[in-house]
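Peer 1: Return atomic coordinates for the entry below.
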Amino acid sequence: MSDPQNSPRSEPRSVLVTGGNRGIGRAIAEAFLAQGDRVAVTTRSGGAPEGALDVRCDITDPAAVEAAFAQVEEAHGPVEVLVANAGITADTLLLRMSDDDWASVIDTNLTGSFRLAKRASKGMLRLRRGRIVFISSVVGLLGSAGQVNYAASKAGLVGMARSIARELGSRSITANVVAPGFIETDMTAVLTDEQKDAIKGQVPLGRYGTADEVAQTVLWLTGPGAAYVTGAVVPVDGGLGMGH
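Peer 2: Model (predicted):
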């Protein structure tokens, strides 16, 4: 009997992308839509790509997460692919970082991802298949001054993914991490030319990445060609963090 994870898929899958209204999350959602999947996108304020189910959800609220999954399951069936992308920053130096600065970033980026993975895994276990992808950051591996909270949250996703990979692997559920570097988004557009040049000088490929390059990596990790890849951290950073 062939493993469904290893067979070319023809049926559209139920895909959930959090934080999919802009930037990397939007590019990921649009890439899944382009290949014909049934895509739901969670946002706090709306603005999902055309063709996606627009689900309002604050991932720091367990009841909101439960309600979001109920909405997605009713419309598209059990979530087969989860891409945990939603995240925030509250940058400041360690000695100035308040407990709220720490707690808000950890609760959204790390604990929010835990809530999503826990809820998604229920349906995946029943299906005996599934793909979970956490969107981390090169900062989680290299560190970044002024981002103790953000780096900790993004590093934590690696341990979480690898533990989930060990727990759920026997049910053909994979859990992987994508670690983008400097990507052209609204967040990087506000940097000065001098700042952009300094960043590019650190990147072996000498340029920013695109959100679509991150999205294509996610598509591969959730596609039939990556059925034997789990617990991996895949950098999309132009070589910035190699060796980490």
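Peer 1: For the protein, name the helix or strand with the lowest mean pLDDT.
Peer 2: helix 186-189 (a mean of 74; mean pLDDT, DSSP states H and E).
Peer 1: Pull the distance from that one to the chain's centre.
Peer 2: Here helix 186-189 is found 18 Å from its chain centre; the criterion is CA atoms, centre = their mean, to the nearest Å.
Peer 1: Counting by contacts, list what that helix packs against.
Peer 2: For helix 186-189, not one helix or strand is in contact under the criterion 3 or more CB pairs under 8 Å, 6 or more residues apart in numbering; DSSP states H and E. The C-beta positions use only the backbone N, C-alpha and C, and glycine is treated the same way.
Peer 1: Alpha carbons of the helix or strand just after that helix, as CSV, please.
Peer 2: Per DSSP states H and E, the first helix or strand lying C-terminal to helix 186-189 is helix 193-202. Extracted C-alpha coordinates of helix 193-202, given in CSV (Å, rounded to 0.1, in the frame of the first residue of the first chain):
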residue,chain,number,x,y,z
ASP,A,193,19.4,53.3,2.0
GLU,A,194,22.4,53.2,4.2
GLN,A,195,20.8,50.6,6.4
LYS,A,196,19.8,48.5,3.4
ASP,A,197,23.3,48.7,2.0
ALA,A,198,24.8,47.6,5.3
ILE,A,199,22.4,44.6,5.5
LYS,A,200,23.1,43.6,1.9
GLY,A,201,26.9,43.7,2.7
GLN,A,202,26.3,40.9,5.2
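Peer 1: residue boundaries of the helices in this structure?
Peer 2: Residue ranges of the helices in the chain, as given by DSSP state H, are 23-34, 62-76, 99-105, 112-127, 139-142, 148-168, 186-189, 193-202, 211-222.
Peer 1: Off-centre distance for the last one?
Peer 2: Its chain's average C-alpha position is 10 Å from that of helix 211-222, according to CA atoms, centre = their mean.
Peer 1: Between helix 23-34 and that helix, find me the angle.
Peer 2: Orientation of helix 211-222 against helix 23-34 (axes from the mean of the first three to the mean of the last three CA atoms, to 10 degrees) gives an angle of 60 degrees.
Peer 1: List of residues touching helix 211-222?
Peer 2: For helix 211-222, contacts defined as CB atoms under 8 Å, 6 or more residues apart in numbering pick out 15, 23-24, 26-28, 30-32, 35, 81, 83, 131, 133, 135, 174, 176, 178, 180, 183-185, 226, 229, 232, 234, 236.
Peer 1: export that helix as CSV, just CAs?
Peer 2: C-alpha atoms of helix 211-222 as CSV (Å, rounded to 0.1, in the frame of the first residue of the first chain):
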residue,chain,number,x,y,z
ALA,A,211,8.4,36.9,-0.1
ASP,A,212,7.7,34.5,-3.0
GLU,A,213,11.1,32.8,-2.4
VAL,A,214,10.0,32.0,1.1
ALA,A,215,6.6,30.9,-0.2
GLN,A,216,8.1,28.5,-2.7
THR,A,217,10.2,26.9,0.1
VAL,A,218,7.0,26.4,2.1
LEU,A,219,5.3,24.8,-0.9
TRP,A,220,8.1,22.4,-1.3
LEU,A,221,8.1,21.4,2.4
THR,A,222,4.4,20.7,2.3
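Peer 1: Nice, that's everything, thank you.
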